[in-house]
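> this is the structure alone, sequence omitted:
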């Protein structure tokens, strides 16, 4: 068996978190517990001397995440966010600390991305058959797109003290692009306040790591190949406190007239994004990684890299939607990303790679 084939066989056994490069003695093996929340999965991993506290960490995390879900989901009419949407153009709601924090994050990423990350993009998302919308029988005509775009704009979302409001009827706020990362950060802060040191919190691929899974071994996270559901491009070795999030064109899509449309919408055009297959972001916070992975997916390699280079501690990996496969990484990402040996020639450092 060749060295490359041996490496691939070893690597394929790891799906999301690669806990160590070699074998761990039983008493050191990290312990992972999972649960379902926010319409997806979540997990907590406790390592080292803290494996005995895994159930405690998991219970605390689940309680926090369910509380955030109850406030920020758009799928429950009595949630605080649903009340805000119901009062669009008519009134305001009393926003608690959780909703206020997420609104402020929405403004932050909207400004950073020049409006390409927009939490009010809901009317366009539904128009294309996502988030409860009916899948259209044919490509959406331009007049309907423009009508929906008139209801999109994060600057129409306001905070006046503790009151939150939308100033136009028909607008919809969906915090799905940042709430998961926010929830991970809140849970990490809680666990650290309880003395946790070696652990990870993961919510649908939005993950943050602290400490190590074992002495001398970093947390090792697989980066999915967007063109192969069972394959990995390589892995990331994450340092203490780092977070990671990925946006991909394989996550949710609809077929319309034989054409594949993904769920990530470009607010500038009103249409599903084309040209990107995957974007992975590492950052000092899970909320930043979550919001930026979506924003960079919309912006693409050239414009997205300009945003990344201005943010300390934040790096990105881009996979354009074309063949042969290409992996574009910011220079700092090369410290953390280890590509599969057979794909080494596909990696280009942004700024050094050929112009397309």
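Happy to help now that I have it. Note that the structure is a prediction, hence the values are computed from the model and not measured.
> from memory residue 85 sits against residue 166, does it?
Yes: using Cβ atoms under 8 Å, residue 85 makes contact with residue 166 at a distance of 7.2 Å. (C-beta placed from N, C-alpha, C; glycine too.)
> where do the contact lists of these two overlap?
residue 173 (Cβ atoms under 8 Å, 6 or more residues apart in numbering).
> more neighbours, the two?
Taking other Cβ atoms under 10 Å, residue 85 and residue 166 do not tie; residue 166 has more neighbours (25 against 19).
> look up how far residue 84 lies from the more buried one.
For residue 166, the distance to residue 84 equals 7 Å [Cβ to Cβ, to the nearest Å].
> intersection of neighbour lists for these two?
residue 173.
> where along the chain do the helices fall?
Per DSSP state H, the chain carries helices over the ranges 3-12, 54-72, 80-86, 97-112, 122-127, 142-149, 179-193, 286-308.
> so which of the ones you listed is the most surrounded?
helix 286-308 (a mean of 24; mean count of other Cβ atoms under 10 Å).
> now find how far off-centre that one is within its chain.
Going by Cα atoms, centre = their mean, to the nearest Å, the spacing between the C-alpha centre of helix 286-308 and its chain's C-alpha centre is 10 Å.
> could you do stretch 316-324 as well?
The answer for stretch 316-324 is 17 Å, by Cα atoms, centre = their mean.
> equivalent analysis for stretch 248-261, please.
For stretch 248-261, the distance to the chain centre is 19 Å (Cα atoms, centre = their mean).
> pLDDT (mean, whole number) over that stretch?
Regarding stretch 248-261, the rounded mean pLDDT is 89.
> which positions within that stretch qualify as buried?
248, 249, 253, 254, 256, 261 (16 or more other Cβ atoms under 10 Å).
> which residues does the nearest residue to the first one once chain neighbours are set aside bridge with?
Computed as Cβ to Cβ, 6 or more residues apart in numbering, the closest residue to residue 248 that is not its neighbour in sequence is residue 278, at 4.2 Å. Under the criterion DSSP bridges, residue 278 forms beta bridges with residue 248, residue 319.
> low pLDDT regions in the stretch 251-356 of the chain?
Low-confidence segments of the stretch 251-356 of the chain (pLDDT under 70): 352-356.
> let me see the contact set for the residue most central in space within the chain.
Residue closest to the mean C-alpha point of the chain, counted by Cα atoms, centre = their mean, is residue 290 at 3.5 Å. Under the criterion of Cβ under 8 Å, 6+ apart, the neighbours of residue 290 are 177, 178, 180, 181, 182, 184, 206, 245.
> ok, and the closest non-adjacent residue to it?
Using Cβ to Cβ, 6+ apart and skipping residues adjacent in sequence, the residue nearest residue 290 is residue 181, 2.7 Å away.
> picking that back up, switch the helices of the chain over to a markdown table; also include distance to residue 215.
Shown next, in a markdown table, are the helices of the chain (distance: least, Cβ to Cβ, whole Å):
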| stretch | distance to residue 215 |
| --- | --- |
| helix 3-12 | 22 |
| helix 54-72 | 19 |
| helix 80-86 | 43 |
| helix 97-112 | 35 |
| helix 122-127 | 46 |
| helix 142-149 | 54 |
| helix 179-193 | 20 |
| helix 286-308 | 25 |
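> so which of those gets nearest residue 157?
helix 97-112 (6.2 Å; Cβ to Cβ).
> what residues does the closest one touch?
Contacts with helix 97-112, where a contact means Cβ under 8 Å, 6+ apart, come from 67-68, 71-72, 80-81, 84, 93, 95, 117-119, 154-155, 157, 159, 162, 164, 173, 175, 177-179, 182, 287, 291-292, 295, 307, 311.
> and if we set it to 6 Å?
For helix 97-112, contacts defined as Cβ atoms under 6 Å, 6 or more residues apart in numbering pick out 71, 80, 117-119, 154, 159, 175, 178, 182, 287, 291, 295, 307.
> and for stretch 322-335?
So stretch 322-335 is contacted by 301, 308, 315-320, 346-350 (Cβ under 6 Å, 6+ apart).
> repeat for stretch 246-254
129, 135, 205, 226, 260-263, 277-280, 293-294, 297.
> isn't residue 154 up against residue 121?
No: between residue 154 and residue 121 there is no contact under Cβ atoms under 6 Å: 8.6 Å.
> how about the strands in the stretch 201-350 of the chain?
Under the criterion DSSP state E, counting those that start in this stretch, the stretch 201-350 of the chain contains strands at 206-210, 219-224, 232-238, 243-248, 253-256, 259-262, 265-266, 271-272, 276-283, 315-320, 327-329, 337-339, 347-349.
> what pairs with the third one, parallel or antiparallel?
Counting by DSSP bridges, the strands paired with strand 232-238 are strand 219-224 (antiparallel), strand 337-339 (antiparallel).
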